[in-house]
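Trainee: Fold the following for me, if possible:
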Amino acid sequence: MSEAQIDKPSIEQPRPGAEGAEQRGPIPSAYDIPIEDILPVNPRLWSEHRWQEYFERLRAEDPVHFNETELAGRFWSLTKYADIKKVDSDWRNFSSANGITLGIPVDAELPEGALNISTFIAQDPPIHDVQRKTVTSSVAPPNLAAMESLIRERTCKVLDSLPEDETFDWVDTVSIELTTMMLATLFDFPFEDRRKLTRWSDVTFAIPQPGGLIESEDDRRRELLECLEYFSGLWQERLKNPGTDLVSMLAHGEDTKDLTPMNYLGNLLLLIVGGNDTTRNSMTGSIYALNKFPEQYDKLVAKPELIPKMVAELIRWQTPLAYMRRTANNDCEIGEKQIKKGDQILMWYASGNRDPEMFDHADELDIERPNSRNHLSFGFGIHRCMGNRLAELQLRILWEEILARFEKIEIQEEPERTFSSFVNGYTRLPVKVRRKRA
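Mentor: Purely as a prediction, here's the structure:
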């Protein structure tokens with residue numbers, strides 16, 4: 001499940017995990033290098049928020065873009081909305097069984113220290129369908145309705161505790177806290193240990209680098225095995241005392257009760273990342289976006305009934321998970337490019353959501369955008385995000401309660417962003433809040 005370790009000197013990306021790797025100079029303009037040298041998975045494009053111009057050029061000049069590296073093998077980047085949706089909807093020809101992120105080419109060996117983890121999202125039917133079905137009821141409409149009051153109560157408590165006229169980090173204080181509490185509820189996870197869930201989510205897709213979140217695949221292995229050990233204890237406990245939580249569903253599900261340890265860990269990490277990274281980064285992205293587009297914030301204040309449309313538009317604009325990977329089952333053609341059997345295909349949701357052929361003025365936030373719900377952020381077909389309604393519910397409640405309390409939430413400086421081409425997220429966003437006066 002780890003991202004590729006890729007080195008491309010033309011855009012000055014150090015090999016993640018390499019001894020003595022350093023950031024070397026500024027990233028050039030997308031239009032100052034040969035187009036064949038564009039490597040969309042360079043994490044610096046994302047951590048330095050430079051990805052938009054690179055994908056703008058690819059959409060215009062090379063929408064089905066080829067790269068090949070020694071470590072990652074052959075892969076194609078799809079950057080246009082229509083191509084992405086077509087591939088994402090066709091699991092028969094484009095498989096998930098070899099992974100959902102760029103990493104290990106077909107039939108290649110795992111990097112030293114890496115875990116051979118499998119998840120149901122990285123499977124094709126019938127395995128995918130039966131394992132997904134086991135846990136889907138946790139986010140079915142009746143359960144969401146039952147959780148709404150708890151989500152609102154926690155949201156109110158967190159917002160009421162925020163300091164006024166004092167700079168604090170929105171990511172840690174609000175986004176992580178709210179999403180981690182929700183995850184702890186879904187897993188019936190010991191509440192006092194809930195921040196472990198955030199750590200395991202971050203470690204799952206972190207790129208090894210000196211001084212980074214992890215420095216090697218061995219670091220990742222150690223921490224994820226700690227996750228497995230912790231959840232194995234919960235599994236044994238729920239075998240004896242089942243509940244309605246996700247661990248109980250997996251432990252007692254007819255199609256999941258005999259999961260191998262690595263399958264169990266993989267499905268846990270999928271659920272943790274799905275419940276953490278997407279909502280947490282959308283919560284932070286909403287604050288950032290509505291500061292960058294103040295006229296949209298004013299419109300929202302004047303018409304709070306636009307919150308549901310704003311939520312959909314924000315998820316389009318932010319695109320918290322930048323891409324998903326498929327593998328070609330057969331030789332085929334996409335956009336007049338010849339794809340070989342076994343080639344990896346990256347569906348760049350972040351680029352498709354900025355495709356001007358689908359979304360007018362796509363780089364702008366427009367909370368009244370008529371087709372915002374057609375965004376790619378949740379995927380399409382059998383792999384469409386099962387927790388999409390829960391994410392929307394959490395964001396809707398957050399903004400209902402923000403508008404009830406605050407005149408403004410003002411960012412104090414540009415955010416720090418995740419060093420990853422997969423998670424399009426934030427690690428820090430300093431803000432100040434100004435409360436409404438009676």
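
Trainee: Put the alpha carbons of stretch 28-38 into CSV.
Mentor: In CSV, the C-alpha atoms belonging to stretch 28-38 read as follows (Å, rounded to 0.1, in the frame of the first residue of the first chain):
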residue,chain,number,x,y,z
PRO,A,28,10.5,24.8,-12.3
SER,A,29,7.4,26.0,-14.1
ALA,A,30,5.4,23.2,-15.8
TYR,A,31,6.0,25.0,-19.1
ASP,A,32,9.8,25.2,-18.7
ILE,A,33,10.5,21.4,-19.0
PRO,A,34,9.9,18.9,-21.8
ILE,A,35,6.4,17.5,-21.3
GLU,A,36,7.8,13.9,-21.2
ASP,A,37,9.7,14.9,-18.0
ILE,A,38,6.6,15.8,-16.1
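
Trainee: tell me the average confidence for that stretch?
Mentor: For stretch 28-38, mean pLDDT rounds to 95.

Trainee: in that stretch, what's buried?
Mentor: Neighbour counts using 16 or more other CB atoms under 10 Å place 30, 33, 38 of stretch 28-38 among the buried residues. The way it works is simple: take the backbone N, C-alpha and C, and place the C-beta from them, glycine included.

Trainee: before we move on, what about stretch 154-168?
Mentor: So for stretch 154-168, counting by 16+ other CB under 10 Å, buried means 154, 155, 158, 159, 162, 168.

Trainee: which other helices and strands contact the helix or strand where the third one lies?
Mentor: When you say that, I think you mean residue 158. Assigned by DSSP states H and E, residue 158 belongs to helix 141-160. Packing partners of helix 141-160 (3 or more CB pairs under 8 Å, 6 or more residues apart in numbering; DSSP states H and E): helix 177-187, helix 388-405.

Trainee: one step back: how about CSV for the buried residues of stretch 154-168, with distance to residue 60 and pLDDT added?
Mentor: Shown next, in CSV, are the buried residues of stretch 154-168 (distance: CB to CB, whole Å; pLDDT from 0 to 100):
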residue, distance to residue 60, pLDDT
154, 45, 94
155, 42, 95
158, 43, 97
159, 42, 98
162, 43, 97
168, 41, 98
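
Trainee: residues touching residue 235, list them.
Mentor: 247, 250, 251, 264 (CB atoms under 8 Å, 6 or more residues apart in numbering).

Trainee: That one should be in a helix, yeah?
Mentor: Yes: residue state for residue 235 (DSSP: H, G, I helix; E, B strand; the rest coil) corresponds to a helix.

Trainee: quick one: low-confidence ranges for the stretch 201-350 of the chain?
Mentor: The stretch 201-350 of the chain contains no residues with pLDDT under 70.

Trainee: Show me where it has its strands.
Mentor: 323-328, 332-334, 337-339, 344-348 (DSSP state E, counting those that start in this stretch).

Trainee: can you tell me which of those comes nearest to residue 433?
Mentor: strand 323-328 (33.7 Å; CB to CB).

Trainee: How about the secondary structure of residue 369?
Mentor: Per three-state DSSP, the local secondary structure of residue 369 is coil.

Trainee: On the pLDDT front, check it for me.
Mentor: 98.

Trainee: Next: residue 106.
Mentor: 47.

Trainee: Look up which residues are beta-bridged to the residue nearest the centre of the chain.
Mentor: The residue lying closest to the centre of the chain (CA atoms, centre = their mean) is residue 321, at 3.0 Å. Beta-bridge pairing for residue 321 (DSSP bridges): residue 423.

Trainee: Next, format the buried residues of stretch 154-168 as CSV and append distance to residue 46.
Mentor: Shown next, in CSV, are the buried residues of stretch 154-168 (distance: CB to CB, whole Å):
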residue, distance to residue 46
154, 30
155, 28
158, 28
159, 29
162, 28
168, 25
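
Trainee: For residue 259, state which of those residues is nearest.
Mentor: Relative to residue 259, the closest of the buried residues of stretch 154-168 is residue 154; by CB to CB it sits at 30.8 Å.

Trainee: residues in contact with that closest one?
Mentor: Residue 154 sits in contact with 178, 181, 182, where contact means CB under 8 Å, 6+ apart.

Trainee: who wins for most neighbours among those residues?
Mentor: residue 182 (25 neighbours; other CB atoms under 10 Å).

Trainee: I'd like the distance between that residue and residue 433.
Mentor: Look at residue 182 and residue 433: by CB to CB, to the nearest Å, they are 22 Å apart.

Trainee: What ranges does the stretch 201-350 of the chain have for its helices?
Mentor: Assignment of helices within the stretch 201-350 of the chain using DSSP state H, counting those that start in this stretch yields the ranges 217-240, 246-252, 261-292, 294-302, 307-318, 349-352.
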